[in-house]
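1. Build the 3D model from these lines:
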Amino acid sequence: AECAKIDYPKPDGVLSFDRLSSVFLSNTNHEEDQPCHLQLKDVSVPIAVNLAKYDAPEQRYCPAGVYEIVRDESGHSSASRARLQINAQNCVHCKTCDIKDPTQNINWVVPQGGEGPIYQGM
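-> Numbering: from 1, shown residues only. Now for the predicted structure:
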């Protein structure tokens, strides 16, 4: 609340790119029905602590946009009407969430079947 919001420029397609294009280029593949490899130690923390105190930083530090705060249809910003949605199928396995979560509540584990990004030429 005490800090000014940073206004980042839109991706230019030359030096910076949008998230969905970058996830596409990583050739990420996860089976739709596999268990989520991004586990929360306490499911109440993302809303009760991270959203309330830090405005849900997981929405910003994840380069693939895996974490999303979903609000009720009325768009209320009330924490009681919000939930954390994890779009694990977009995960590029950078482990940023495991490292940067302020409460250390997210645990990244190896996905079932070794799926994930297929970086060509590495």
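2. the strands in this protein, which residues?
-> Remark: strands assigned in the chain by DSSP state E are 38-40, 67-71, 82-86, 106-108.
3. closest one to Ser16 among those?
-> strand 67-71 (20.5 Å; Cβ to Cβ). Where you see a C-beta, it was placed from the backbone N, CA and C, and this is true even at glycine.
4. re earlier: could you export the strands of the chain to TSV, including columns for distance to Lys95?
-> TSV is the format used below for the strands of the chain (distance: least, Cβ to Cβ, whole Å):
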stretch	distance to Lys95
strand 38-40	10
strand 67-71	14
strand 82-86	15
strand 106-108	5
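5. can you list the ones you listed in a markdown table and add mean pLDDT, distance to Lys10 and mean neighbour count?
-> What follows is these, written out as a markdown table (pLDDT from 0 to 100; distance: least, Cβ to Cβ, whole Å; neighbours: other Cβ atoms under 10 Å):
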| stretch | mean pLDDT | distance to Lys10 | mean neighbour count |
| --- | --- | --- | --- |
| strand 38-40 | 94 | 28 | 17 |
| strand 67-71 | 94 | 19 | 16 |
| strand 82-86 | 94 | 24 | 17 |
| strand 106-108 | 93 | 28 | 18 |
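6. Quick one: closest of those to Tyr8.
-> strand 67-71 (17.5 Å).
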